[in-house]
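Student: Turn this into a structure:
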Amino acid sequence: MKTSEVRDKYLNYFEKRGHAIVPRASVVPQEDPTTLFTGSGMQPMLQYLLGAKHPEGVRISDSQTCIRAEDIDEIGDNRHTTFFEMLGNWSLGDYFKKDQLQWFFEFLTEEIGLDPNKLYVTTFAGDKDANIEKDTEAAEIWKGLFESKNIDAKIVEVGSEEDGYKNGMQGGRVFYYDSKKNWWSRAGVPSNMPAGEPGGPDSEVFYEFDYVEHDKSYGEHCHPNCDCGRYMEIGNSVFMQYQKQEDGSFKELAQKNIDFGGGLERITAASIDSSDMFKIDVLWNIIEKLQELTGKRYEDHVEAKRVIADHLRSATFMAVDGVVPSNTAQGYVMRRLLRRAIRRGHELGVTEKLTVEIAKVIINEYKDVYPELSEQSENILDVLKREEDLFRKTLERGIHEFTKRTSELDFSQRPPVPTGKRTELTGKLIFTLFDTYGFPAELSIEEAQKEGVKLSDNWQADFDKLMQEQKDRSRTATAGQFKGGLAEHTEMTTRYHTATHLMYKALRNVLGDHVMQRGSNITNERMRFDFSHSEKMTPEQIKQVEDMVNDVIQKDMPVSFTEMSKDDAFGIGALGAFGEKYPDIVSVYTVGDPKGDYYSREICGGPHVEHTGKIGKFKIVKEESSSAGVRRIKAVIE
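Tutor: Reported below is the predicted structural model:
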């Protein structure tokens, strides 16, 4: 079955069951300082799961494009990708476990045609420390669903993932796992949850590739959560059922929600019974183009071609949602993905136009369901080509620097050098070439072999150590910058949020209507705002924007919102964020009199102050370049 067929079947199935189908959100979250990318289907829905009213009702479904940059180093196996689509359906206080599990089982077996004998499920084993009972309700529902297909569904108590490796399948079909595997909250297991935090048990569905032999390097016995590749998770239903109390106990929520996410690519792979997800149509068509460009078979260069296919798919969707390569934030991740892909292409003999040729295939694959790729194809290809040209120059400089550095080394084919000079190529030097000049370690090794340069016996260990230290520093910095959840949604960030709207309008008034929001980041201490503009702002322009914003604040204008159709919102001049995909019904915030004189009108999910006078004095502290054609403002409220 093709990927588009699976997507269409899923959305049609849930539309027939009363779900509103909403468009994908941008892969770059708008006004969310907690994360670089939209990494799950749930992420754009979080405010509604936490109690806000969704303009489309209580039953919602979509297919959300997602990027998980933390998986970048895992790409190359048969099932991990940095880009994926998450099929999702949500019940906001409407249906619950019985309908959810029955519908997903029916979708898999009747609509997609999966053999129910190859399906295995996990449920929550309970948490004694938190005094939360095991989810026997979900287990019994699953047992009944399998029995409807004449399958004996033995329920097995597994416990931890480690217990699974010790005890194996035990003839089971339904498996109880502990909180680490089958409990969801933003904070993780129940003991980590703060008071007031909602969470609940979840239930995962796995597909078995029965021809894949268990790899005992993962553990003695195979089980659904084993990483050997025999079982692949294809969907997870979260039952948002509890709220943690001040005394540490858990109370059932008055409004219980369903949050379901299923991997589109994984379900498609299951539909063709392929343990190699790169064999599905949208990825295989990229692989075939790579075989054409390189003249080399997939089977002989599996890892390299998987990396290229995945990374360029991610980069293409980043580009369509407004990201450009840079050395910070989303742009840094995009640059890293592109350069990894180009380097792997270089290894396969592709020395030019790799990104453009592959992006054309990707655009063609997705243009019908996501027409913005076709509409912005010229810009996408230009962004990718410029980065590829830049990196190929980096490779040339790296080879020059390699030659310069290794000429100082003492080898038998070279003249003697003074005492104290290096006599071999070390891991430290290889890391320096990579870290300072962007020259990949693999190419240092390749050049060393070509030039007859001796490698240190410990080069790999030394290089890995330095790389790990760099990753640790990066993780520490990222953890500090992107704290999770909604902890930053405070009175102060609400003031900053409204100030962002005022400044956006002021920028368009001062610089022109070409100004479009390209991203923002708000904390308790400051706001950061990226916008399309090709020139550095003059001091006079900056002062004009400041004065305009502060004038609106001093007038203490009311801030109100109303819901209307997306077309009506744009029709009355409401602004939106570049790359954002809006549902048919949107919330429109107006600063000023919504029926008379107003200052600004913008599509937004909130929250905002009720009157602009609550904001405080606005001051721009820095204006700088963010990337090509994009400027960045940092501002504070005094």
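Student: in stretch 398-406, what's buried?
Tutor: Under the neighbour-count criterion of 16 or more other Cβ atoms under 10 Å, stretch 398-406 has G398, I399, E401, F402, R405, T406 buried. Yep, even glycine has a C-beta here, placed from its N, CA and C like the rest.
Student: wait, I meant stretch 587-603
Tutor: S587, V588, Y589, T590, V591, G592, P594, Y599, S600, R601, E602, I603.
Student: One more: stretch 63-75?
Tutor: Counting neighbours by 16+ other Cβ under 10 Å, stretch 63-75 gives S63, Q64, T65, C66, I67, R68, A69, I72, I75 as buried.
Student: what mean pLDDT does that stretch have?
Tutor: Stretch 63-75 carries an average pLDDT of 84.
Student: Quick check: end-to-end length of it?
Tutor: 22 Å (Cα to Cα, to the nearest Å).
Student: got a list of contacts for it?
Tutor: 7, 10-11, 24-25, 27, 36-41, 43-44, 80-88, 264, 306-307, 310-311, 314, 317-318, 333, 336-337, 340, 369-370 (Cβ atoms under 8 Å, 6 or more residues apart in numbering).
Student: Mind giving me the PyMOL select for those residues, buried ones only?
Tutor: The buried residues among the contacts of stretch 63-75 can be selected in PyMOL (16+ other Cβ under 10 Å) with this line:
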select buried, resi 7+10+11+24+25+27+36+37+38+39+40+41+43+44+80+81+82+83+84+85+86+87+88+264+306+307+310+311+314+317+318+333+337+340+370
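Student: pLDDT weak spots in the stretch 201-350 of the chain?
Tutor: 327 (pLDDT under 70).
Student: For the buried residues of stretch 587-603, work out which two are farthest apart.
Tutor: Greatest spacing in those, by Cβ to Cβ: S587 and Y599 (17.6 Å).
Student: ok, now how distant is the residue nearest to I585 when sequence neighbours are not counted from L338?
Tutor: Sequence neighbours aside, P55 is the residue nearest to I585 in space, at 3.7 Å (criterion: Cβ to Cβ, 6 or more residues apart in numbering). Distance, P55 to L338, using Cβ to Cβ, to the nearest Å: 37 Å.
Student: out of those two, which sits in the busier spot?
Tutor: Set P55 next to L338 and count neighbours by other Cβ atoms under 10 Å: L338 wins out with 25 against 18.
Student: Could you measure from that one over to D310?
Tutor: 12 Å.
Student: For the lengthiest helix in the chain, buried residues please.
Tutor: As assigned by DSSP state H, the longest helix anywhere in the chain is helix 377-406. By 16+ other Cβ under 10 Å, the buried positions in helix 377-406 come out as 377, 380-381, 383-385, 387-388, 391, 394-395, 398-399, 401-402, 405-406.
Student: quick one: the strands in the stretch 151-300 of the chain?
Tutor: Assigned by DSSP state E, counting those that start in this stretch, the stretch 151-300 of the chain shows strands spanning 155-159, 174-177, 183-184, 198-208, 231-244, 250-263.
Student: Please name the strands paired to the third one in the sheet, noting orientation.
Tutor: By that I understand strand 183-184. Each strand paired with strand 183-184, and its direction, by DSSP bridges: strand 198-208 (antiparallel).
Student: just the second one next, same as before
Tutor: In the sheet containing strand 174-177, the strands it pairs with under DSSP bridges are strand 119-124 (parallel), strand 155-159 (parallel).
Student: Quick one: residues in contact with stretch 333-344.
Tutor: Contacts for stretch 333-344 (Cβ under 8 Å, 6+ apart): 36-37, 67, 69, 72, 82, 304-305, 307-308, 311-312, 314-315, 318-319, 323-327, 354-355, 358, 384, 387-388, 391-392, 394-395, 438, 440, 442-443.
Student: rerun at 7 Å
Tutor: If you take Cβ atoms under 7 Å, 6 or more residues apart in numbering as the criterion, stretch 333-344 is touched by 36, 69, 72, 82, 304, 307-308, 311-312, 314-315, 318, 323, 325-326, 354-355, 384, 387-388, 391, 440.
Student: Next step: those restricted to strands.
Tutor: Nothing among the contacts of stretch 333-344 maps onto strands, per DSSP state E.
Student: circling back: nearest to Q170 among the buried residues of stretch 63-75?
Tutor: Among the buried residues of stretch 63-75, and counting by Cβ to Cβ, the member closest to Q170 is R68, at 32.1 Å.
Student: For V189, see how far away that closest one is.
Tutor: 21 Å.
Student: what's the answer for K128, then?
Tutor: Counting by Cβ to Cβ, the gap from K128 to V189 is 12 Å.
Student: Which neighbours do those two have in common?
Tutor: Joint contacts of K128 and V189 (Cβ under 7 Å, 6+ apart) do not exist.
Student: Quick one: list the elements packing against the helix or strand harbouring M503.
Tutor: Here M503, judged by DSSP states H and E, is contained in helix 491-511. Applying 3 or more Cβ pairs under 7 Å, 6 or more residues apart in numbering; DSSP states H and E, one finds that helix 491-511 contacts strand 517-522, strand 527-532, helix 539-554, strand 585-592, strand 598-603, strand 630-637.
Student: thinking again about what came up before, which of K128 and V189 has more neighbours?
Tutor: Remark: of K128 and V189, V189 carries more neighbours, 17 against 10, as counted by other Cβ under 10 Å.
Student: Nearest residue to the more buried one in space, please, no chain neighbours.
Tutor: V189's closest residue in space is S179 (Cβ to Cβ, 6+ apart), at 4.3 Å.
Student: wait, the one you found sits on G188?
Tutor: No: look at S179 against G188 with Cβ atoms under 7 Å: they stay out of range, at 8.3 Å.
Student: who's more crowded, those two?
Tutor: S179 (23 against 14).
Student: quick one, what contacts that one?
Tutor: Contacts of S179 (Cβ under 7 Å, 6+ apart): D127, V189, P190.
Student: how about the second one, what does it touch?
Tutor: With contacts taken as Cβ under 7 Å, 6+ apart, V189 has the following neighbours: S179, K180, W183.
Student: Mind listing what's buried along stretch 192-202?
Tutor: M193, E197, P198, G199, G200, P201, D202.
Student: Looking at the strands paired with strand 174-177, spot the one closest to Y165.
Tutor: Closest among the strands paired with strand 174-177, once you apply Cβ to Cβ, is strand 155-159, at 9.9 Å.
Student: in the closest one, what's buried?
Tutor: So, applying 16+ other Cβ under 10 Å, buried residues of strand 155-159: I155, V156, V158, G159.
Student: repeat for stretch 160-168
Tutor: In stretch 160-168, the ones that count as buried by 16+ other Cβ under 10 Å are E161, G164, Y165, N167, G168.
Student: ok so, going back, reformat the contacts of S179 as JSON lines; add distance to L293 and pLDDT.
Tutor: Output for the contacts of S179, formatted as JSON lines (distance: Cβ to Cβ, whole Å; pLDDT from 0 to 100):
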{"residue": "D127", "distance to L293": "52", "pLDDT": "94"}
{"residue": "V189", "distance to L293": "47", "pLDDT": "90"}
{"residue": "P190", "distance to L293": "51", "pLDDT": "92"}
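Student: E540: which of these is nearest?
Tutor: So of the contacts of S179, ranked by how close each gets to E540 (Cβ to Cβ), first place is V189, at 55.2 Å.
Student: Return the backbone torsion pair for that closest one.
Tutor: Dihedral pair for V189: phi -60, psi 160, per degrees, to the nearest 10.
Student: right, so of the strands of the stretch 151-300 of the chain, which gets closest to V636?
Tutor: Sorting these by Cβ to Cβ, the top spot, which is the nearest, belongs to strand 198-208 at 33.1 Å.
Student: and that closest one, how far from the chain's centre?
Tutor: 20 Å (Cα atoms, centre = their mean, to the nearest Å).
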